[in-house]
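# give me coordinates for this.
(chains A and B)
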Amino acid sequence: MSEDEPGRPDGERPDPEDWDPERAAPERPDGGRAVMDEAGEPSVDAGDGTESPSAGAGGRDGAGAETGTAAAATAGGAAGADAETPGPSAVSVRSSRVRSTNHWVGFAALVFCSAGLGALVRSRPLMLAAVAGVGYLAYANTTEAPEPALAVERRLSEDEPEPGDRVEVTVVVENVGEAVLPDLRVVEQVPEALAVTDGPARAATALRPGSRMTFSYEVLARRGAYRFEGLTVLARNASGSRERELDVETERAAITCLAPVDATDTVPLRGLTSPYTGRVPTDSSGEGTEFASLREYQHGDPLSRIDWNTYARDRTLTTMEFREERMATVVVVLDLRPEAYLQTGDDGPHAVDRGIDAARRVFNSLLDTGDRVGIAAFSAESVWLSPGSGPTHRARARELLSTHPALSPLPPDGRVYVRLRLRRLSQRLDDDAQVVFVSPMPDDTSAVIARSLHARGHAVTVLSPDPTASDTPGRRLAAVDRSNRLNDLRGSDVRVVDWGGDERLAEALERARRRWSG
Amino acid sequence: MSRSVTATLGVILGVVGLAALAVPQITTPLPTGDPFVLVVGLVLLLGAVAQVQRRRHTDLDYAETPDAELAVDLPTPGDDLDRRLGRLRLTRFNESERRRISDEIGDVAAETIRRRERCSPEEARRALDEGTWTDDPFAAAFFTGRVPEAPTTDRLRELLDRESPFKRRAVRAVDAIERLLESDDRRDAGERTGDDDE
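Prediction:
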């Protein structure tokens, strides 16, 4: 049923914004960064300073070049070292600020008190205590926070995890400067969408010149491409009175997490596309379809498709499958406006994640049934995969749905111009293309989108992951509001699949199909 | 006095003090009488008080480390209204905020009534204004603004409640709207099964 070609019909206009997985693929970390000698040592290693200079440091383009900190100088000096050992490479400082922590403010009260009482009662020990206090205050107020020169190496246990896998990130920080860092705190800049599941992504220690510390943590992989490229560094002087805060850029490490190749359950979509097109015959009536095969009966199959002959012969339920003779063109349109980024309660995947997952399943199921399928989105950046079929097309869609920056699990920063996107979309859609609009339907704009596509003559099916909850009055009202919105759409001939949070997509579709055929 | 001047003065005094350890005679020209020492002691104690005050008015200023471990937090639909209802207790007399909340709930209520009764939006609004849309007198009173037509004991109970009557009625109005929607859904489902039977 599927074709081998990417499925671009003749005469289709070339699109400058077409998704190109090659171009958009994120940078991979260096292949050569293998595990090094002291891998996994969670302790501070007081190195002797000779083995520490890193081989990669001198060769890293741009490392410390612009900022001109001590780190850059060290990186240059380290270039002559053993070229075989990959290790921490020097970081470049993006921003730096020094502040007084006010840690010792008020300590002078003790000094004054001790000296005052000493004078009043003529006590030498009290006077001497005050002298010691003065000495310490002088020390605390005259020392400055050290300027750390660091080299950092970051190792990922896996570059291309599956969604749900845990990826261990090991960070090695080395003091490549001349100065002792008496109080060094390092906080990893974990990509915002990733949650840390084990261990804090930070460490605090004192580092002598040339010594290293290693810490590691685990993140839960989720769909998308993520880059680890920054650290927040805090360095204080020994007394803690002054503090330097640095935002440093490290060598880049990336994980790319693609959705699984095969959907775990296929989605019963025949009812979704058939009755509207006029091109694709319905299978439930048996008209215009051609018998294809028999398969095992699954719960929810219509009675009319059960092969009763087989049942009479050996008492097993089998379902007849019909081949679709012609293809429909379906474009799955995602709602990625900031308003759509909603979540039921505090955990679990949010509505857009569920929507993208649903889009993937719908896409694959439609491809399996022989339809030509494309992808578009209402998002800050343009997202467009023109309808096609075949394994190459499937792979491109998988890549797009997993790693396109506009489909990130985080709400977009930019504004989404709905009118503009709607105009572009309707220019791109063939006249008889159907639309599956995947949106949690958070506001009236989403209903307007569905309606306008419907008004332009496209058969619209709204597939809506339900983000509402019912535990507080406000949430209940929002649920009623959304329910009214969906019912209104149903009233104006738009098909709606309301997909509850605790429901499988296949169940929701089956329920909707019964509603449509009822 | 600037910092450097005090520092210089301090260093000079320190040097003199250390020198006095070796050559005690150099301190003879300095006033060391009891009254003077008493005054110095009191001044120092005053200095201690001043330092305590300074500490009280100075906050520690450490860098805030970011919450790197937490994934992004997204709202659930309706959280905004919950927040505003919760805040209402603090802004007790904010009439315009109450009006906004009431309008917001009213819009959803009117829409639900319109769907349920299959009537025009104007009729739905009228039902809302007259309070004929629900059996719950308190929910109805939320939109009519009149005294709820309920037994005195119920009204007394409402008065004694910890929450303000506005918030309580808002919550009951939301409950009533939800019931209306549920009965509407049930009716739709009923009609559908009826169609199936035919």
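
# pLDDT score for residue 6?
Went with chain A since none was named. Predicted confidence (pLDDT) at A:Pro6: the value is 40.

# wait, chain B
If you check B:Thr6, the pLDDT there is 83.

# on the three-state scheme, it is what?
When classified by DSSP: H, G, I helix; E, B strand; the rest coil, B:Thr6 comes out as helix.

# distance of it from B:Gly47?
Distance, B:Thr6 to B:Gly47, using CB to CB, to the nearest Å: 12 Å. Every C-beta, even on glycine, is put in place using the N, C-alpha and C of the backbone.

# between the two, who's got more neighbours?
Neighbour count, other CB atoms under 10 Å in any protein chain shown: between B:Thr6 and B:Gly47, B:Gly47 has more, with 17 against 10.

# isn't the more buried one right up against A:Leu110?
No. At 11.2 Å, B:Gly47 does not count as touching A:Leu110 under the criterion of CB atoms under 8 Å.

# A:Leu422 sits in which helix or strand?
Here A:Leu422 sits within helix A:418-428, counting by DSSP states H and E.

# tell me which residues are up against that helix.
Contact with helix A:418-428 is made by A:15, A:331, A:333, A:337, A:376-379, A:382, A:384, A:386, A:445, A:448-449, A:452-453, A:456, as judged by CB atoms under 8 Å, 6 or more residues apart in numbering or on different chains.

# do the same with stretch B:151-162
Counting by CB under 8 Å, 6+ apart, B:Pro137, B:Phe138, B:Val147, B:Pro148, B:Pro165, B:Arg168 sit against stretch B:151-162.

# what does stretch B:116-124 give?
With CB under 8 Å, 6+ apart, stretch B:116-124 has contacts from B:Ala110, B:Glu111, B:Ile113, B:Arg114, B:Ala127, B:Trp133, B:Leu180, B:Leu181, B:Ser183, B:Asp184.

# mind giving me the PyMOL select for those, buried ones only?
Typed into PyMOL, the line below selects the buried ones among the contacts of stretch B:116-124, using 16 or more other CB atoms under 10 Å in any protein chain shown:
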select buried, chain B and resi 110+111+113+114+127+133+180+181+184
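
# part of a strand, is A:Leu342?
No. Counting by three-state DSSP, A:Leu342 is not found in a strand; it is coil.

# the nearest residue to it once chain neighbours are set aside sits in which helix or strand?
The shortest distance from A:Leu342 to any non-neighbouring residue, by CB to CB, 6 or more residues apart in numbering or on different chains, is to A:Pro467 (3.8 Å). Counting by DSSP H and E, there is no helix or strand that carries A:Pro467.

# could you verify my assumption that A:Pro467 touches A:Gly345?
No. In this structure, A:Pro467 is not within contact of A:Gly345 by CB under 8 Å, at 9.7 Å.

# of these two, give the one with the bigger neighbour count.
Using other CB under 10 Å, the more surrounded residue of A:Pro467 and A:Gly345 is A:Pro467, with 29 against 11.

# tell me the contacts of the more buried one?
Here A:Pro467 is in contact with A:Leu342, A:Gln343, A:Thr344, A:His350, A:Ala351, A:Pro440, A:Pro442, A:Gly501, B:Thr76, B:Pro77 (CB under 8 Å, 6+ apart).

# same thing with A:Ser96?
By CB under 8 Å, 6+ apart, the contact list for A:Ser96 reads A:Arg244, A:Glu245, A:Leu246, A:Asp247.

# drop anything exposed from these.
For the contacts of A:Ser96, buried by 16+ other CB under 10 Å: A:Arg244, A:Glu245, A:Leu246.

# still on that earlier bit, give me the subset of the contacts of A:Pro467 that lies in helices.
A:Ala351 (DSSP state H).

# where does chain B dip in pLDDT?
Low-confidence segments of chain B (pLDDT under 70): B:1, B:89-93, B:187-198.

# which residue ranges form the helices in it?
B:3-22, B:34-56, B:79-87, B:95-117, B:121-130, B:137-144, B:152-160, B:165-197.

# and for the stretch 401-518 of chain A?
Ranges of helices in the stretch 401-518 of chain A, per DSSP state H, counting those that start in this stretch, are A:418-428, A:444-455, A:473-491, A:505-517.

# deepest of those helices, which one?
When you average the neighbours per residue for each of the helices of the stretch 401-518 of chain A (mean count of other CB atoms under 10 Å in any protein chain shown), helix A:473-491 leads with a mean of 22.

# do that one and chain B come into contact?
Yes. Applying CB under 8 Å from any CB of the partner chain, one finds helix A:473-491 touching chain B at A:473-484, A:487-488.

# among the contacts of helix A:418-428, which lie within strands?
Of these, the ones assigned to strands by DSSP state E are A:Val331, A:Val333, A:Ala376, A:Ala377, A:Phe378, A:Trp384, A:Ser386.

# could you measure from the fourth one over to B:Asp175?
Just to be clear, that refers to A:Ala377. Note on A:Ala377: its distance to B:Asp175, by CB to CB, is 37 Å.

# who in the stretch 251-400 of chain A is up against chain B?
By the rule CB under 8 Å from any CB, the part of the stretch 251-400 of chain A lying against chain B is A:Tyr341, A:Leu342, A:Gln343, A:Thr344, A:Gly345, A:Asp346, A:His350.

# recalculate using a threshold of 10 Å.
Counting by CB under 10 Å from any CB of the partner chain, the stretch 251-400 of chain A comes close to chain B at A:Glu339, A:Tyr341, A:Leu342, A:Gln343, A:Thr344, A:Gly345, A:Asp346, A:Asp347, A:His350, A:Ala351, A:Val352, A:Asp353.

# take those residues and lay them out in CSV including pLDDT and distance to A:Ala206.
Listed next are these as CSV, based on pLDDT from 0 to 100; distance: CB to CB, whole Å:
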residue, pLDDT, distance to A:Ala206
A:Glu339, 90, 48
A:Tyr341, 91, 42
A:Leu342, 91, 45
A:Gln343, 87, 41
A:Thr344, 86, 45
A:Gly345, 79, 42
A:Asp346, 76, 37
A:Asp347, 74, 37
A:His350, 87, 41
A:Ala351, 90, 46
A:Val352, 90, 44
A:Asp353, 88, 42
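
# wait, which of these is closest to chain B?
Comparing those against chain B with CB to the nearest CB places A:Gln343 closest, at 4.0 Å.

# residue with max distance from the center of chain B?
For chain B, the residue at maximal distance from the C-alpha centroid (CA atoms, centre = their mean) is B:Gln25, at 68.2 Å.

# which ones are touching the closest residue to A:Val111 other than its chain neighbours?
Closest residue to A:Val111 apart from its sequence neighbours, by CB to CB, 6+ apart: A:Gly133 at 3.7 Å. Listed by CB atoms under 10 Å, 6 or more residues apart in numbering or on different chains, the contact set of A:Gly133 reads A:Phe107, A:Ala108, A:Ala109, A:Leu110, A:Val111, A:Phe112, A:Cys113, A:Ser114, A:Ala115.

# roughly how far is the one helix or strand A:Arg394 maps to from the heart of the chain?
Per DSSP H and E: A:Arg394 is located in helix A:391-403. Here helix A:391-403 shows a centroid-to-chain-centroid distance of 17 Å under the convention CA atoms, centre = their mean, to the nearest Å.

# cool, stretch A:437-450 as well?
Distance, stretch centre to chain centre, for stretch A:437-450: 23 Å (CA atoms, centre = their mean).

# output that stretch as CSV, restricted to C-alpha atoms.
Output of stretch A:437-450 as CSV, limited to C-alpha atoms (Å, rounded to 0.1, in the frame of the first residue of the first chain):
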residue,chain,number,x,y,z
PHE,A,437,-7.0,19.9,13.8
VAL,A,438,-5.2,18.8,16.9
SER,A,439,-5.9,21.3,19.7
PRO,A,440,-6.9,21.3,23.3
MET,A,441,-9.4,24.0,22.3
PRO,A,442,-8.4,26.3,25.0
ASP,A,443,-10.2,29.4,23.7
ASP,A,444,-12.5,30.8,21.1
THR,A,445,-9.7,31.4,18.6
SER,A,446,-9.2,27.6,18.3
ALA,A,447,-12.9,27.3,17.5
VAL,A,448,-12.5,30.1,14.9
ILE,A,449,-9.7,28.2,13.3
ALA,A,450,-11.7,25.0,13.0
